[in-house]
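K.L.:
Provide a 3D model corresponding to the input given below.
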Amino acid sequence: MYSIQPMKTDTKQRILAYIIDNKRVSPKEIVSYFGLNATGIFRHLGDLIKQGLIIKQGKPPKVFYLSMNNKKQDSSIIQNGFIWNENRAGILPPSEVYCPTRDVFQARLDHLLADCLRQFDENLSYLLTAVVGEIGNNSFDHNLGNWRDVAGIYFVADLTARKILISDRGQGIFATIKRVRPEIKNDIEAIRIAFTERISGRAPEQRGNGLKFVKKIFEQQGWQLNFGSGQAVCHIESELLSSRPAGRDAWLSAQAYLFDKLKPKEKIEVDFSNVSVLSPSWAEEFLTQLKKKYLEQVVFLPSDNPSVKASLEIIEI
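P.N.:
Presented below is the predicted three-dimensional model:
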């Protein structure tokens, strides 16, 4: 009787195929799936890394292995986002990167947060999700009913390459800012104002700190932001140089159903314990109005959430 034992190269190829099929897997998942000795699994993973077939991402205990093919594919998807935006003809992007509505974008933003928490520091994860949400929600806020052709945004995140792309075929920063600053002359001036001045593209609302918040976080964290609109591109990194109607809706609802019943000395406690990400535009539309109207009655309970701290600081509450 003869017994045939699979060769080591066969095991290595099966591990590679498993990683390719699942895009990103942890060492525990690999060991559990194959039921082999962990030492042997790690030896194969090391060989695959040396051959340039996979990469290792994260630090213990949050370590993942990814195929270089998947990495190249993700980078290609990001490049396609630029092509889609610059194409004269508006065509629908692939479904996996297309967010036709704010609800779809929010669902994918929640998924991004979950992915970040598995790989990065908690504070970094929440701040990153907050700024991505701010930029993405701005696309919907300022282009609702005014898209050039295709409504919605192209949204893809390649955490391995540390790249996130948000692209839209909207009116652009110049058109948005010119509604309230008709004297501006070009895209460069519009972008400068958007990132450095308190101004709203939805006049007469007193808001407009969203991109200032984004700029501040990118500078503090040493991240790089390339923001383009029209013929201008803004580059932000350390030491250099989403707007959500839900906040306004929440404010109107709160006045109608709760605040009219408040007694003069009754306190309003704002508890952030269940908040995942607080964007400055939502905070400004709701919390600023709340504070203005009820002054000393409003108490903001302490929070360690970095997006809450940053948003409250930027809107100067």
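
K.L.:
And residue 25, how far from residue 32?
P.N.:
Counting by CB to CB, to the nearest Å, the gap from residue 25 to residue 32 is 10 Å. All C-beta spots, glycine's among them, are computed from the backbone N, C-alpha and C.

K.L.:
Compare the two (neighbour count), which wins?
P.N.:
residue 25 (20 against 11; other CB atoms under 10 Å).

K.L.:
hang on, isn't the more buried one packed against residue 19?
P.N.:
Yes. Counting by CB atoms under 8 Å, residue 25 does reach residue 19; the two are 5.6 Å apart.

K.L.:
which stretch of helix or strand covers residue 165?
P.N.:
Assigned by DSSP states H and E, residue 165 belongs to strand 163-168.

K.L.:
repeat for residue 20
P.N.:
Judged by DSSP H and E, residue 20 forms part of helix 8-22.

K.L.:
elements contacting the helix or strand following that helix?
P.N.:
For helix 8-22, the following helix or strand on the C-terminal side (DSSP H and E) is strand 24-25. Judged by 3 or more CB pairs under 8 Å, 6 or more residues apart in numbering; DSSP states H and E, strand 24-25 is in contact with strand 62-67.

K.L.:
List the buried residues of the strand it packs on.
P.N.:
Residues 64-67 are the ones in strand 62-67 that count as buried (16 or more other CB atoms under 10 Å).

K.L.:
re earlier: quick one: common contacting residues for residue 25 and residue 19?
P.N.:
Common neighbours of residue 25 and residue 19, using CB atoms under 8 Å, 6 or more residues apart in numbering, are residue 65.

K.L.:
if we can go back for a sec, and the angle from the helix holding residue 20 to strand 62-67?
P.N.:
100 degrees (axes from the mean of the first three to the mean of the last three CA atoms, to 10 degrees).

K.L.:
tell me what helix 8-22 is packed against?
P.N.:
helix 27-34, helix 38-50, strand 62-67.

K.L.:
where along this structure do the helices fall?
P.N.:
8-22, 27-34, 38-50, 68-86, 102-119, 122-143, 173-178, 187-196, 210-221, 245-257, 280-283, 289-294, 306-314 (DSSP state H).

K.L.:
I'd like the ones you listed laid out as a markdown table, including mean pLDDT and distance to residue 160.
P.N.:
Output for the helices of the chain, formatted as a markdown table (pLDDT from 0 to 100; distance: least, CB to CB, whole Å):
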| stretch | mean pLDDT | distance to residue 160 |
| --- | --- | --- |
| helix 8-22 | 78 | 12 |
| helix 27-34 | 88 | 17 |
| helix 38-50 | 87 | 13 |
| helix 68-86 | 65 | 5 |
| helix 102-119 | 92 | 9 |
| helix 122-143 | 91 | 15 |
| helix 173-178 | 89 | 30 |
| helix 187-196 | 85 | 28 |
| helix 210-221 | 86 | 18 |
| helix 245-257 | 59 | 32 |
| helix 280-283 | 74 | 29 |
| helix 289-294 | 80 | 41 |
| helix 306-314 | 80 | 23 |
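
K.L.:
what's the most buried one of the helices and strands packed on helix 8-22?
P.N.:
strand 62-67 (a mean of 19; mean count of other CB atoms under 10 Å).

K.L.:
what packs against that one?
P.N.:
helix 8-22, strand 24-25, helix 27-34, strand 54-59, helix 102-119.
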